[in-house]
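Colleague: Below are the sequence and a predicted model for it; my questions follow.
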Amino acid sequence: MTALCALLVRDLRLAVRVGGGALTGVLFFLIVVTLMPFAIGPDLALLARMGPAILWLGALLASLLALDRLLAMDHEDGSLDLILIARMPLELAVAVKALAHWLTTGLPLVISSPLLGLLLNLEAKASGAVALTLLAGTPALTFIGLIGAALTVALRRGGLLLAVLVLPLTVPVLIFGVAASNAAIAGPVPFGAPFGILCALTLISLVIGPLAAAVALRQGLE
Amino acid sequence: MNLGPHAAFIITAYVAAIAVVAGLIAWIVLDRRHLSRILDDFEAQGISRRSTRTDGDKW
Amino acid sequence: MSLIELANPSRFLALTARALPWLAAATVLAFAIGITQVYLAPDDYQQGATVKIMFIHVPAAWLGIFAWIVMGVAALGTLVWRHPLADVAAKAAAPIGAAFTLMCLVTGSLWGRPMWGTYWVWDARLTSVLVLFLMYLGVIALWRTIDDPAQAARAAAVLTLVGAINIPIIKFSVDWLNTLHQPASVFRLGGSAIHPAILVPLIVMAVAFTLLFLTLHLAAMRNEIMRRRVRTLMMLQAGARVGP
């Protein structure tokens, strides 16, 4: 247990220390959300309607781009090999790494989303709903991304392939995240239903992500 | 045969399907020819695997 | 001929060489019957002659999904049983499955334009199939990016199995969007909802397409085995040059 805690603390420290990877993700989120009105036009009503979708897409892309910090860095300096031969179960080790990654990358996105909601003319209730769905959904994005990261860990220029592999798998999360947000803001559909499914998707990914990633790492780094 | 007012769509769909299948067949046939040629070159040079048995692939 | 006997690539090649001509002939025959049936099939009273697009669109959809299932079974063969031909089967099936899925999307789009007035709509079925197509491309990209075939096979196997879980999730999740695509009408409890005059050509074409898949898949597997032999020989050759 202490080994896993040590791993968690190490990852948290590294993420906070090394060039502020966490804040870079938030910065990217901000830039993407800023770009959207340039493309869509400044019509505030339209932006407000599309707000949840824009925030979700921004969070998804920001999560995606941060994924190479999850495993590739450890692979490069050899720590991944140490984790593989250590006595803690590999599934738990990668789960802990993904947790650390979410705490330092995903959670800042969640916290910054209400501020960005202001840029998109979202009212407080809408921003709150989006933030809540992001809170429930970004762990799924991280843990699904973990699978892609494990599959491409040994590739030197694997970034684009990583995106190609991970994005189709995140489609359900995106669909239900936006559906839940819209349900809270306007829709006839009650918020609980899509939100419940979003939570279910996250819980499933918490299990399948580490399992698949461990298999991929063992097979790929023999 | 009267294909009705949307004949163009029907024909395009069938042409597209035939094109896809033709593409697959072409890929497989050309790939096989290419690989056979390389394998024959190796055979001519005398390089072979440990358990060479050239049995059966006459297709 | 048990599965483990088939594990020997040379024996597999021998079997394939004998079987392929028959499979190909059966495929051609099935298509001949199928196309005749399609030609003779009556027009749908609502859709007119455009219902004839269904006879390629629906089998293409079924086979696009079938190919992923074949890849999934092969993935289990790779990861769990380490069956040597599993890798080959998985790699060979991917482009074929992608092609059938693409065929499904294109023919469906061409069917949708006259019937629904639009080439594309983001409803449950179309979106699921589009995502399936993207996943095929992802698997193919993964195969091509990893050098070592055995390692690529294992990575692709993991991705295939994870993707297999995703497909019913996508299909289910997108039910929240309105569905323009018609619901299930062939495989239903209580029997099919389609008139036999349309159902029979559909089944015949489905059989023909399946035979086509089997033929193409076996031929592609054969190519893949040859490709691996080429790679082995190239490595041997390189080793011989570098020798003492």
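Modeller: The structure has been received and is ready for your questions. Numbers count the residues shown, from 1 in each chain, chains lettered A, B, ... in the order given.

Colleague: so A:Val189, which of the three states?
Modeller: When states are read from DSSP: H, G, I helix; E, B strand; the rest coil, the local structure at A:Val189 comes out as coil.

Colleague: Quick check: which element contains the residue lying closest to it once chain neighbours are set aside?
Modeller: The spatial neighbour of A:Val189 that comes closest, neighbours along the chain excluded (Cβ to Cβ, 6 or more residues apart in numbering or on different chains), is A:Ala183 at 4.5 Å. Yep, even glycine has a C-beta here, placed from its N, CA and C like the rest. Secondary structure assignment for A:Ala183, by DSSP states H and E: helix A:159-185.

Colleague: from the chain's centre, how far out does that helix sit?
Modeller: Chain-centre distance of helix A:159-185: 10 Å, with Cα atoms, centre = their mean, to the nearest Å.

Colleague: show me what contacts the residue nearest to A:Val189?
Modeller: When the contact criterion is Cβ atoms under 8 Å, 6 or more residues apart in numbering or on different chains, the partners of A:Ala183 are A:Val189, A:Pro190, A:Phe191, A:Ala193, A:Pro194, A:Phe195.

Colleague: Can you get me a residue count around the second one?
Modeller: So the one you mean is A:Pro190. Here the neighbour count serves as a burial measure; for A:Pro190 (other Cβ atoms under 10 Å in any protein chain shown) it reads 12.

Colleague: Check the third one too.
Modeller: Residues contacting A:Phe191 under the criterion other Cβ under 10 Å number 18.

Colleague: Angles on the backbone of it, please.
Modeller: Here is the backbone geometry of A:Phe191 (degrees, to the nearest 10): phi -60, psi -40.

Colleague: which regions of chain A lie under the pLDDT threshold?
Modeller: Applying pLDDT under 70 to chain A picks out residues A:18-21, A:187, A:221-222.

Colleague: And the helices in it, which stretches?
Modeller: A:2-17, A:21-40, A:44-66, A:72-77, A:79-85, A:90-101, A:107-119, A:124-151, A:159-185, A:192-220 (DSSP state H).

Colleague: check whether the last one contacts chain C.
Modeller: I take that to be helix A:192-220. Yes - under the criterion of Cβ under 8 Å from any Cβ of the partner chain, chain C is reached by helix A:192-220 at A:Pro194, A:Ile197, A:Leu201, A:Ile208, A:Ala212, A:Val215, A:Ala216, A:Gln219, A:Gly220.

Colleague: Over to the fourth one?
Modeller: No - contact of helix A:72-77 with chain C is not found when judged by Cβ under 8 Å from any Cβ; the minimum separation is 14.1 Å.

Colleague: Which single residue of chain C ends up nearest chain A?
Modeller: Per Cβ to the nearest Cβ, the residue of chain C with the smallest distance to chain A is C:Arg154, at 3.6 Å.

Colleague: what sits against that residue?
Modeller: Neighbouring residues of C:Arg154 by Cβ under 8 Å, 6+ apart: A:Ala216, A:Gln219, A:Gly220, C:Thr78, C:Leu79.

Colleague: Which of those sits closest to C:Leu102?
Modeller: Closest approach to C:Leu102 among the contacts of C:Arg154 (Cβ to Cβ): C:Thr78, at 25.4 Å.

Colleague: Please list the outside residues in contact with stretch A:17-30.
Modeller: Counting by Cβ under 8 Å, 6+ apart, A:15-16, A:58-59, A:61-63, A:65-66, A:69, A:104-105, A:108-109, A:112-113, A:116 sit against stretch A:17-30.

Colleague: How about stretch C:55-68?
Modeller: Residues lying outside stretch C:55-68 but in contact with it, judged by Cβ under 8 Å, 6+ apart, are B:13-14, B:17, C:34, C:38, C:41, C:93-94, C:96-98, C:100-101, C:103-104, C:107-108, C:111, C:129, C:132-133, C:135-136, C:160, C:163-164, C:167, C:186, C:201-202, C:205-206, C:208-210, C:213.

Colleague: So which of those belong to helices?
Modeller: By the criterion of DSSP H, membership of those in helices covers B:13-14, B:17, C:34, C:38, C:93-94, C:96-98, C:100-101, C:103-104, C:107-108, C:111, C:129, C:132-133, C:135-136, C:160, C:163-164, C:167, C:201-202, C:205-206, C:208-210, C:213.

Colleague: Of the residues you listed, which fall within the contact range of chain A?
Modeller: The overlap between these and the neighbourhood of chain A (criterion: Cβ under 8 Å from any Cβ) consists of C:Met135, C:Gly163.

Colleague: Now, of the ones in helices among the contacts of stretch C:55-68, which are buried?
Modeller: Buried members of those, counted by 16 or more other Cβ atoms under 10 Å in any protein chain shown: B:13-14, B:17, C:34, C:38, C:93-94, C:96-98, C:100-101, C:103-104, C:107-108, C:111, C:129, C:132-133, C:135-136, C:160, C:163-164, C:167, C:201-202, C:205-206, C:208-210, C:213.

Colleague: Leaving out chain neighbours, which residue sits closest to the closest residue to chain C within chain A?
Modeller: Nearest to chain C in chain A, going by Cβ to the nearest Cβ, is A:Gln219, at a distance of 3.6 Å. Of all residues not flanking A:Gln219 in the chain, C:Arg154 sits nearest, at 3.6 Å (Cβ to Cβ, 6+ apart).
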